[in-house]
Structures are given as structure tokens and as C-alpha cells.
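S.K.: Requesting a structural model of the entry that follows:
(chains A and B)
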Amino acid sequence: MIEKAPPRWLEGMLLHCLAARDRETISGDLLEEYREEQVPRFGSLRANVWYLCQTLSLVSVWDLLGPALKMPLMGISVFTAAAGVWLAVMENILQHTGYAGRTVIAACMALQGVATLLVPMLDGRAIFRALLAAGAVALGLCGAAAVERIMEGPHFEGFVLLIGCVLVTQGLLTVVVVFRPRHGKML
Amino acid sequence: MRPDIGGLTAAFFNAYNVCIVPELLGAFEQAVLLTVWRLAEEAYGRAILRGVQSALNRQVAAGAVYATLDRLEQKSFIDSHVEEGTPVRAGRLRRYYRLTAAGIKAMNESKAALEQMWGGTKWPLESKA
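M.R.: Numbers count the residues shown, from 1 in each chain, chains lettered A, B, ... in the order given. You can find the predicted model right below:
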């Protein structure tokens, strides 16, 4: 006899969104309940609706969005790190007034980019996540300030506008991807 | 892990007459912990879900139960281990939960606090109007 099973796409969605630790155990619990209780008692259709409801209770928008945003965030982090190094080097070559302060800011940008790239390894550490959150907010504000200055200033500098937009995006993405609610896969 | 307030810390609080209030569990957390306690060796995800539904006499979303189990495990009120799955669940592992000493203490404190709060109050409450 072929055992009844929930729709494959639905089970796939559940497995995709569960943390590795819970993937087998929770999906197994739901499958057991589906086969032993829901299908015999209510039939396949209602059992599928039940399975869908349970899946939705375990899955959040963040779980679905997070993995999709992971690659863009990693790409942007590489860009931020490279841009930070480039800005720091240029400031030290040109040595305009106040270059030392701007060099420090550029170095912080590069550090934040590198730190975000380390998220998959250090995600579980609360102190790292807190520092990353503070960095992401600072980075976003820094980017927003740069964009505002370029838009209102007399000289338009395309690369500053680009870097500013990237910093704002990275700040937002970091907060969304790294600080999702529990029960989803971490980055 | 919940910090154990004792020794010097307790002496400090007592000296300054600060009341140490135990962390009280929510009703849903109590239902989950009580179900884990009642199921004993059989306390795994599905059984807990059914037990909580039975205890609360209503349908409960699996997500709510698993999130609570996760939170309670983080607070060290329960611990868990996995065992082999059965064919009906396609051999997928089962995670079994067990109350820890901290969990039992928290449950006892919550029950005692509720009883103290209700002590001397006639139940069920009636409108005074």
C-alpha cells in the first residue's frame, strides 16, 4: 500500500524554511500526524489543508525572504569592503583636509563588509550579532548622509552616490537577513 | 541559562530589602511543560502537540508549540535528544524532551505564585454591581 503524503511542494517549502536541527524531527512529526490522524479522520483534502496551516504556522515571511536575500547581501558586502579599502587608500594619497577622519570611516566600512561575510561562521554569537547590528545601522546612516550630501552639493560625484546607495542597502539587508525571528535557517 | 541567585548576591538583595521575584511562566509555557512532564518518556513533538491541545481543549498551531519548546530549551527548562524514527514518519528522527531541574523548579514556583495570588479569593468571581 502506498502511504499518503502531503503535496511535495508543500513539504518542500516546510523543509526549506526549517532550521537544519529541526528539519527531520518537525517534518516527521507533521507527517506522522498527517498519516495517522488527519487522513484517516478527515480525508486527503482536509488533511492537506491542515498540513498547509501547520506549515504556515512554522514559516514566516522572513524565512522565505532571508535565503533569497543572502546572495545579494554577500555580493554587496564584497563591494563595501573593496570600496572601503579603495576610499582609505585614495584619502591617504590625496590627503585633502580632514582625510584622517574619513580614512577611519572608510576602514570601518571595509571592516563591516568583512564582518558581514563572516556571518555564516559566527552567526550564533550574540555579541557578534549585536556588533553587526550596530555596524549595519551606522553604515546605513553613513550611506544616507553621503547620498543627501551629493544630491544637495554643488558637485555631483557618481561614485559617492553609488557607494552611498550600496551602504544604505547593505544596512537594511543585514538587519533583515541576520535578525530574522527564530525557527528559520540562519544565514 | 537562568542565573542562580544565591550566596553573596542573595545577601546583597536581602540587605537592601529587595524582593526577588521568580520568573513566572506564561499559561502556554505551563501547558507545554506540564504536557512534557505527563508524557515522561513519550514526550516528543507530535505527542506534545496533541497533549497541549487536549490540556487547553482547543486546536493549537504546531508553530506555537515548537517555538515554545525552543524558547524553554534556551532557558534550560527542558532538554532534548533525538531517537530513531518509525516507518509511518518515513524514518525521520524524533526529538524527545525532558524537564530539567530548573524546569521543575520554575513550574513549582509558578504554581505556588498563582495559588498565593488567588488565596482567600472566592472563586468563581461574581460581578459586584
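S.K.: And for residue A:17, the neighbour number?
M.R.: Neighbours of residue A:17 under the rule other C-beta atoms under 10 Å in any protein chain shown: 21. Where you see a C-beta, it was placed from the backbone N, CA and C, and this is true even at glycine.
S.K.: per-residue confidence for it?
M.R.: Per-residue pLDDT puts residue A:17 at 80.
S.K.: Residues of chain A that sit close to chain B?
M.R.: Residues of chain A lying close to chain B (C-beta under 8 Å from any C-beta of the partner chain) are A:3, A:22, A:24-33, A:35-36, A:53-54, A:56-59, A:182-183.
S.K.: Only whichever of those are buried, select them in PyMOL.
M.R.: Buried residues among the residues of chain A next to chain B (16 or more other C-beta atoms under 10 Å in any protein chain shown), as a PyMOL selection:
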select buried, chain A and resi 22+24+25+26+27+28+29+30+31+32+33+35+54+57+58+59+183
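S.K.: Of the residues of chain A next to chain B, which belong to helices?
M.R.: A:22, A:24-33, A:53-54, A:56-58 (DSSP state H).
S.K.: pLDDT weak spots in chain A?
M.R.: Scanning chain A for pLDDT under 70 picks out A:1-2, A:60-67, A:120, A:122-125, A:179-187.
S.K.: mind redoing it with 90?
M.R.: A:1-4, A:13, A:16-20, A:56-75, A:94-98, A:102, A:115-136, A:139, A:146-161, A:170-187 (pLDDT under 90).
S.K.: residue boundaries of the helices in it?
M.R.: A:8-17, A:20-33, A:39-58, A:61-94, A:99-117, A:119-122, A:126-152, A:158-178.
S.K.: Residues of chain B that sit close to chain A?
M.R.: Within chain B, the residues that sit near chain A (C-beta under 8 Å from any C-beta) are B:44-46, B:49-50, B:61-64, B:66-67, B:70-71, B:82, B:85-86, B:88-90, B:92-95.
S.K.: try 10 Å this time
M.R.: B:44-50, B:59-67, B:69-71, B:74, B:80, B:82-83, B:85-96 (C-beta under 10 Å from any C-beta of the partner chain).
S.K.: Give me the subset of those residues lying in strands.
M.R.: Secondary structure from DSSP state E places B:80, B:82-83, B:94-96 of the residues of chain B next to chain A in strands.
S.K.: if we can go back for a sec, please identify the most buried of the helices of chain A.
M.R.: The highest average neighbour count among those, using mean count of other C-beta atoms under 10 Å in any protein chain shown, belongs to helix A:20-33 at a mean of 21.
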